[in-house]
Every structure is written in C-alpha cells, then in structure tokens.
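# Predicted structure and sequence below. I'll ask about it afterward.
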Amino acid sequence: MARQTASIQQRLGLTPGTPPILALKGVSKYFPGVIANEDVDIDVYPGEIHALLGENGAGKSTLMNIVTGIYKMDAGEVIIEGHARDFSSPTDAIDAGIGMVHQHFKLVRAFTVAENIHLGWPQTPKCISKRHLESRTHALAQNLGLAVKPEAIVANLSTGEQQRVEILRVLARDAKLLILDEPTAVLTPKEARELFAALRAFVARGNAVIFISHKLDEVMEVSNRVTVLRGGKKVATEWTDTCTENSLAQLMVGREIVLTETQKKTAPSIKTAPILNLSDISLTTDQGTVLNNISFDLAAGEILGIAGIAGNGQRELTYVMSGLSTPSSGMLTLDGKDVTKAGARTMAQTGIGHIPEDRLHSGMAPTLSITDNAVLREYAQPPLTRKGWFSPKGAANLAREIARVADVMVPDFNMPARNLSGGNQQRLVARREMRIAEKILIAAYPSRGLDVGAINTMMRYFIELRDQGVAVVLISEELEELMNFSDRIAVMFHGEIMGIIPTKDADVEQIGLMMGGTRQEDLT
Amino acid sequence: MNLIRLQRMPIATPRVAFAFRVASVLLALFTTAIALSISGRSPVALGAKVISATFGSSFGLEDLALLFSPLVYCGLSVAVALRIGAWNIGAEGQFNFGAFCATGVALFVQGPTWVILPLMALAGMVGGALWILIPTLARAYADVSELITTLLMNFVAILLVYWVATGPWLDPSGMALATTSRLPVSVPALWGIVHWGPLVGIFLAIALALFVTYTRWGYEVRIAGANPGAARYAGMPVKTQLIGIMLLSGAIAGLGGMMEVAGTVGRLQGGISNNYGYIGIMVAVLARAAPIGVLATAFFMAVLLNGGIVLQSQGLTTHTVLAVTGLILLYAAIGDEMAHYKILHPKVKDI
Ligand SMILES: Nc1ncnc2c1ncn2[C@@H]1O[C@H](COP(=O)(O)OP(=O)(O)OP(=O)(O)O)[C@@H](O)[C@H]1O
Ligand SMILES: [Mg+2]
C-alpha cells in the first residue's frame, strides 16, 4: 500500500510523502430506497486531474455534494490535507479550499461579471467603486489565466463564458481543489479545449481538479487518473493512460459493451413525402431577429441533423416547429395543413414530440412528483383523464411504465423529480417524448447528461423511429454524432440555414466552415 | 470552538415539519403566558377561562363556528391563488365587496327566499371576482405584481362599505350610525345561531382538495403553479389558468362576505370584514396552501380569536390577541426554517 502511494506521487512528480489534497475513506450515503454511495475511497493528489466516471445515477454528484457540504454522509470520513473535516455548507468547503461548479450555474444573471465574482466574498472591500471592482476582477482573471469581461452582464454571456465566471469565482477564493460536474455538457468543442487548457494550468500550480463527465474521449484526453463508480460503489481507480474508452465503458456498466455498435449506418429509407414544411420562417423577439427566412422540407423517415454552435437559433427553431413560438412571418405546414399558429398542445397531440434543450426550465416541474412529470404529455387523454376526471392511479401506472422503458430506478414515484440524477431526468423526458412522437421527434441535445450506454440505447431508438417513418430532427453540437446518425445535415448560423447536405456527401471541414458562416453555395 | 453544528437539508420531512409547527404554537402561547404573568395576571386562570368559555358551553361553540366561517373562506381564497403562484393579499377587499353586492340584492330585489338567497350568493361571488379582476388582468397581461394591486383594492372596498352603510343605505330607522337595515332574508340556521356558512365552507375545502388531485384542471394548475415554463411547453393555457384561478380566489372570498352579512351579522356594516382577509393569509400560509389544511388552521385561528374576545371581557385589549397570532406566525416561520436543519454530531477534529 505504502509503496503504491509513493509511486502515485512519483508519477505525478510530487515529493514522496506528499499527502493527498482530498482523501475519502469509506464514504456512504443512503437515500430512502437508494444506495447513493457506499464505502467509497478516493485519494486526489496535488497536480492531478482526477476524472469521476459512472452510469447515470451511479452517485457521482451525490459524492461531490458530500465533499462540499451540501449533503451529510451517513458513514465515512472526508480528509482534507490530512485533517478530517465535515463541512456543513459550501461556504465552509470553500473556506477550506474546495470549490464546486455545478452543471446548473448559480450566477446572478442581472449582475455584471465583476459583481458576481465579488458577491458574498469576505475579501470584497466594504466600500468599493464599480471601476475598482472591475479592475480587481480583471487582475484576478489575468492571474488565473481565465479570460472574462468584468463589465459584461452575465445574462448576455455565452454558456462557456458563464462557466468561466463560475470557475473564476471559485478560484478567486483560493480553491486548491476544483470540482466540475459535467462541465463540458454545455460547451462547444472550442470552449471545452479552452477549459482544458485552463485546468492544466491550474493543476500545474500544485492544485487538483475532480472532473465528472460522460464523454470518454475527454476523460482520456484531460485526466491523469480516473475513478469509476457503479451503483454507488467504487469499482476502480486507474491511471488514464492504462485505459481505453472501451475498458472504461466496461468498468462503468460491469459487462462488455460495444461502443461502436450504433455507429454503423443503416440505409436511409427516405420516403419522398415531406411531412413538415417550413417556408420563409422568420422570428423576431426582443433579442432581435433570431430566425431569418428559414425554408426546408422535413421528410417522413429521415433523421435531419442540425449542426451549429449553440445560440445560433437552434432553440428558436425547435420552438417554432413544436408550436411553442409563433413565427413573425412565414408558414409552417404539417401534412399539407397550415399549422403556423397551431400552438404547442395541438402539435403534441398530432404526434410531435419535443425533447427540449433545458429540461429543468421547460421540460419538467422539478418540485413536483416524478409521476406528475412523467405524464405531462398524456395526462389529458384516457386512461388518465376521462370526462375531465384525472386518475392518479392511471398516472402512477403510466409513470411506472415510462420509468421501466427508460431504465430509471425509482424508489418512490411521489418524490420530487429534482431528486433524480441529472441523467435520469433526461432519460425520463426523452422517453416521454418518444412515446408521443408518431410523426416527428424534435430532439435538442438529447444526449446531454446521458451515460454512454443510455446514448447508445437512445440513438438505436431514434433509428427505429426513423425506420417506422417518423421524422427525427437531431440538434447536436457533436459533429460525430450528427455524421453517424443523420441522413442530412443542416447547418445554422446567426438564425439562418447555411445549407443542407446529405450526410454521405458531407465532410467535417465543410460543415465547420458553414458553422462559421460560409454558405453552402460559396464553398469551393 | 463550535461544538454543535447544523446542516441545512434541501427538504424538511413532513413529520419534523409538523413537530416544529406544534412546538412553535406552544412556544407562542408560552411567551404570551409569560407576558401576562409579568403584567400581573394569572395565565392559568385566563387560559382556563378561555377554554371553558369556548368549549364549555354551546354559546361558545356557536361563536366559534361563526368565527370559523369567514376564516375558512378567506383562507381558501388565499390558498387557491397560492396554488397557481399568486399572492392574493386582497381577500379583505373581495370579502367586503362580495358582502356589498349580496346586500344590494337583498335590499333591492324582491322575491321568495329560495330565489333571493342563491342570487345573493351569486352576487357575492361575482362581486369578489370583480374585485380581483383588475389585479388579475394586470398580472396576466402586463406582469404587474398582484401583491400591491390586490392590497390597494382593499382600501377602496372597505371605504365603499363604510360609505354606503353610513350614507345611501343607512338604516332609515335612525337607530344606527353605520349599518344598513336588517336584510329581509338570511341564511337559514343549522344549529343554534350557526347558519350554513361554516358547513358550506367545509364542503368547499373538500371539493377543492378533490379538484386538485382528481381533475384534469387540477393537474394543470399544479403544473402551472410549480413551473409555468413546463405548462407552456405542454401547451396548457397558462394565462387563462392564472385568470381563472385568481377569479375563483376572489369569488371564494366574496362568498365568505355574503355568508357574513346574510348569516352572521344580518346587515351590512362598516368594518364587516374585521381583518378576516388578512388573517386568511396566515391561515393559508400555515396550511401550506392545502385546502384540507386550511380547515385545521382556520379552526385554530377561530379558537384564538374567540379566546381574544373572552380575554377582552377580562379587561385585556384586542392587541393581545393580535400579538399572539403574530407570534405564532413568527415562530411558525422560524420553525419551518429550522425543520430543514439537522444537528451534526461534533466528531470533527478541528486543528
Ligand atoms: N435528494 C435525494 N433524494 C433521494 N434520492 C436521491 C437524492 N439525490 C440523489 N438521489 C438518488 O441517488 C442516486 C445517485 O444520484 P446522483 O445524482 O449522485 O447520480 P450521478 O452519478 O450524478 O448521475 P448522473 O450521471 O445522471 O448525473 C440516484 O439514484 C438518485 O435518484
Ligand atoms: Mg450527476
């Protein structure tokens, strides 16, 4: 044991005997009916990026919430730099040098970056001018190598920029250990690369990072060591360079899984009949023109991929197609009928499922029960509602059925949906929508937060739906996903479609150029 | 050195929350007892007096039931609005205006009792709904907070009732200063002097509870109240729901007002609402906006207010009662927060 420890420190270039920044010993946490964590041991040393892997619901977020004092463990010890600690709040944790960035940011959106950085920070001078606040922020950002705009209002920043602010907020408070829960789920590949560079610089100064992700390629790229959880228990801690994506996936699920299985394309079976037609759709909101003259046909039995950097009108496009927004001009026809002003309910009832981009804000009511959330699409029809009477029993049955096919273990359907792990929420929402998608399924970043196995299952199901003649609109930032599964790829930029390419003729370079604003016809 | 440390949990378990509720009530009563004994009175004797006067005779119980009635209606009114995420601070005004409209029908429409009474109830409900209409539309279409608007409407309604009761509708017999003449019809008595008001209130609470759980509308209201974004996503008519529920909230308070004039008081008089609308906020909050819970908290408040009347007869002012209710609310709020905390055992070795 001692020899092994010495070798970890040597491999990380530390002097022998350096204690870990964080050591977990036998940490257990139980929720009613669920073992969230049991007997987990992990050491995290200065200078390492330590990845934490596991299937949805494996207990990763819970474990980190214990470390930062959000949850109280039922057994075990958290040892920080040699001292056993038991934090009662995240403030205590940050005072001890441990900071966490959650997947859902906790910034004050109406405040500037500088104000957010200084909010609730004992070191903020009692009386300080706006200019001074901004220059302090600027200096901090420079020191820590994170580019932020101190005077910008947070609400106007891209997701990647907001995340940098969150990280700066934590690092400014002298964090030695930075915990990131699925930080790249919402980042563009470029933003992710910038994040990794910042993380490497941070650990090079003798700090450490715990990095939770479902993206195995990122884990392979950025981490020194990786710990895998399964069913709340630790399965292994390995040096990343001794692993492959396949071996990691296997550790996660506990059996052989074939990552490449769904990567082979089945022959596209495009029926010629267009099912949904968008002609000259524009949408102007208080943000300006967010959709500009969008025209295309969606065919029954195809998967149409939509590529583009997030924030280029994808969300608005899904809203128009699912009836949530009425376009300012242009026409939407479904099966030859004008549905421009049909509204979300009619569209859903006609067989259009919609996996929304931000499930917590629009796809679910996190404070209500899992049952209430699971039946959101079918509550108004028999057997749930008959003559206006709603049957709680019918709802419970449907919820159980959805959870079963979504492969989500639910100990109690009356518990608030926010108690589910992030990935399990996504699984439920995705299943709920697939059930009603008889004609069209609009899936915005459907694999966000899902583990590899769940992504595989979902993509297989998308292909099945397509083969049954459903049109699938797949919005994704991952070109690989789009290239593998879609029949055609449309590229969006500044609210416009730069072009639509059949996937077999597409190459990544072309799509990259179009994502940057080059039109298809201008490509040479 | 901090030996005991607390940790805040995201949710309080119902059992703990209930225990804290009971404790906060007891603590408020205890605080009052101390204050009373400092001022040289015997809290035990006073308490015994209150209990025997309230529960020891059918008069006390009848009074209790009559107090319970307006509190149930106002509590339900506030609770219903809370379910959709709106604060109806204006139950007081809707109660007054409902009473006013019902009185108008009684004074100026002739007919058999079985026609006039339902008409009065209808007028009360329509009046209550009308009184919340402007705040409702302002909230639904201009996003103006209903908190302020409903509150402001209260003053208008209260003054309106004072004005008609001292002016145009003043009892022509010259015997009274600020009431109308006795209404020609009244809600029939059920038991002693207790009319149908409290019982209808209980049925209403049960109906609302069933509505929330067992109707499609109730489900939609639950979703829209918890997350309007999700309701819009599911294609629910969020605005219509908000408007419908807020009007219902006003109508319930208005019906309470009708029961008060036509049942308990028998005539419209200035100050008929007697702060019931404001106490209704407390009733609803203590019940966590659950209709059946409102029955319990309204009953509890009725006991307190009734106790206050008894205390007055012992030479204490109404302020004592207001102070007790205020204390209970304060302690309950503190208790609700404390129910979230768990004590950590000090096994931490701080260096
Ligand atoms: N507050 C809670 N009450 C009850 N159960 C909970 C609570 N929080 C988490 N759980 C359960 O604990 C288990 C572990 O959840 P956790 O969020 O840690 O998973 P995770 O590994 O982060 O998964 P994901 O990859 O989906 O984010 C899940 O089964 C979840 O439902
Ligand atoms: Mg998680």
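In hand now; what should we look at? What you are looking at is a predicted structure, and each value in this text was computed from that prediction instead of being measured. Numbers count the residues shown, from 1 in each chain, chains lettered A, B, ... in the order given. Ligands and ions are numbered 1, 2, ... in the order given.
# for the residue in chain A positioned nearest to ligand 2, helix, strand, or coil?
Ranked by Cβ to the ion, the top residue of chain A for proximity to ligand 2 is A:Ser61, at 3.2 Å. Bear in mind the C-beta positions are built from the backbone N, C-alpha and C, glycine included. The three-state label given to A:Ser61 by DSSP: H, G, I helix; E, B strand; the rest coil is helix.
# Quick check: pLDDT value at the closest residue to it other than its chain neighbours.
Of all residues not flanking A:Ser61 in the chain, A:Asp181 sits nearest, at 5.7 Å (Cβ to Cβ, 6 or more residues apart in numbering or on different chains). With respect to pLDDT, A:Asp181 scores 91.
# Kindly report the same for B:Lys342.
67.
# Share the number of residues neighbouring the closest residue to A:Ala75 other than its chain neighbours, please.
Spatially, and ignoring its direct neighbours in sequence, A:Ala75 is nearest to A:Ser28 (4.2 Å; Cβ to Cβ, 6+ apart). Using other Cβ atoms under 10 Å in any protein chain shown, A:Ser28 is surrounded by 18 other residues.
# what about A:Ser28, distance to chain B?
15 Å (Cβ to the nearest Cβ, to the nearest Å).
# Looks to me like that residue is in a strand.
Yes: applying three-state DSSP, one finds A:Ser28 inside a strand.
# That one: what's it in contact with?
A:35, A:37-40, A:73-76 (Cβ atoms under 8 Å, 6 or more residues apart in numbering or on different chains).
# Please apply the same query to A:Thr237.
A:42-43, A:225-228.
# cutoff 7 Å now
A:42, A:225, A:227 (Cβ atoms under 7 Å, 6 or more residues apart in numbering or on different chains).
# same question, A:Leu450
A:56, A:214, A:423, A:426-427, A:458.
# quick one: which of the contacts of A:Thr237 is most hemmed in?
Highest count within those by other Cβ under 10 Å belongs to A:Thr227, 25 neighbours.
# and the gap between that one and chain B?
Taking Cβ to the nearest Cβ, one finds A:Thr227 at 25 Å from chain B.
# Need the pLDDT of that residue.
A:Thr227 is given a pLDDT of 96.
# Equivalent analysis for the one 5 residues further on, please.
Residue-level confidence at A:Gly232 comes out at 92, pLDDT.
# same check, this time on the one 5 residues further on
Predicted confidence (pLDDT) for A:Thr237: 93.
# In what element of secondary structure is it found?
Using DSSP states H and E, A:Thr237 sits within strand A:233-239.
# Go ahead and measure how far that strand is from the middle of the chain.
Centroid displacement of strand A:233-239 relative to its chain, using Cα atoms, centre = their mean, to the nearest Å, is 23 Å.
# Show me what that strand pairs with in its sheet, parallel or antiparallel.
strand A:225-230 (antiparallel) (DSSP bridges).
# Distance from the chain centre to the strand it pairs with, please.
With Cα atoms, centre = their mean, you get 19 Å for strand A:225-230.
# check whether it contacts ligand 1.
No: using Cβ under 6 Å from any ligand atom, strand A:225-230 never reaches ligand 1; the gap is at least 6.7 Å.
# residues in contact with that strand?
Contacts of strand A:225-230 (Cβ under 7 Å, 6+ apart): A:42, A:48, A:50-55, A:58-60, A:219, A:234-240, A:243, A:248, A:251-252, A:254.
# What ranges does the stretch 51-200 of chain A have for its strands?
In the stretch 51-200 of chain A, the segments counted as strands under DSSP state E, counting those that start in this stretch are A:75-80, A:83-85, A:98-101, A:177-181.
# Any chance of TSV for these, columns mean neighbour count and distance to B:Leu190?
Converted to TSV, those look like this (neighbours: other Cβ atoms under 10 Å in any protein chain shown; distance: least, Cβ to Cβ, whole Å):
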stretch	mean neighbour count	distance to B:Leu190
strand A:75-80	18	60
strand A:83-85	16	64
strand A:98-101	24	61
strand A:177-181	25	60
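# and A:Arg225, what are its bridge partners?
Beta-bridge partners, per DSSP bridges, of A:Arg225: A:His50, A:Trp239.
# List the residues that contact the residue nearest to A:Ser61.
A:Asp181 touches A:61, A:64, A:100-103, A:212, counting by Cβ under 7 Å, 6+ apart.
# Of those residues, which is the nearest to ligand 1?
A:Ser61 (3.2 Å; Cβ to the nearest ligand atom).
# residue contacts, the closest one?
A:Ser61 neighbours (Cβ under 7 Å, 6+ apart): A:181, A:421-422.
# Out of those residues, which are close to ligand 1?
A:421-422.
# how about the nearest residue to the residue in the stretch 101-250 of chain A positioned nearest to chain B, chain neighbours excluded?
Per Cβ to the nearest Cβ, A:His102 is where the stretch 101-250 of chain A lies closest to chain B, at 13.3 Å. Distance criterion Cβ to Cβ, 6+ apart; nearest residue to A:His102, sequence neighbours excluded, is A:Asp181 at 5.5 Å.
# With A:Met483 instead?
Per Cβ to Cβ, 6+ apart, closest to A:Met483 is A:Thr503, 6.1 Å.
# Might you report the residue contacts of that neighbour?
Here A:Thr503 is in contact with A:483, A:486-489 (Cβ under 7 Å, 6+ apart).
# Buried ones among these?
The neighbour count (16 or more other Cβ atoms under 10 Å in any protein chain shown) marks A:483, A:486-489 as buried among the contacts of A:Thr503.
# next structured bit after the lowest-mean-pLDDT helix or strand in chain B?
The helix or strand of chain B with the poorest confidence is strand B:5-8; it has a mean of 62 (mean pLDDT, DSSP states H and E). Per DSSP H and E, the first helix or strand lying C-terminal to strand B:5-8 is helix B:14-38.
# Report all helices and strands that that next one contacts.
Packing partners of helix B:14-38 (3 or more Cβ pairs under 7 Å, 6 or more residues apart in numbering or on different chains; DSSP states H and E): helix B:43-55, helix B:318-338.
# Helices of the stretch 251-400 of chain A, residue ranges please.
A:314-321, A:344-349, A:370-374, A:392-406 (DSSP state H, counting those that start in this stretch).
# Which one, of those, ends up nearest to ligand 1?
helix A:370-374 (9.5 Å).
# Any residue of that closest one touching chain B?
Yes: using Cβ under 7 Å from any Cβ of the partner chain, helix A:370-374 reaches chain B at A:Asp372.
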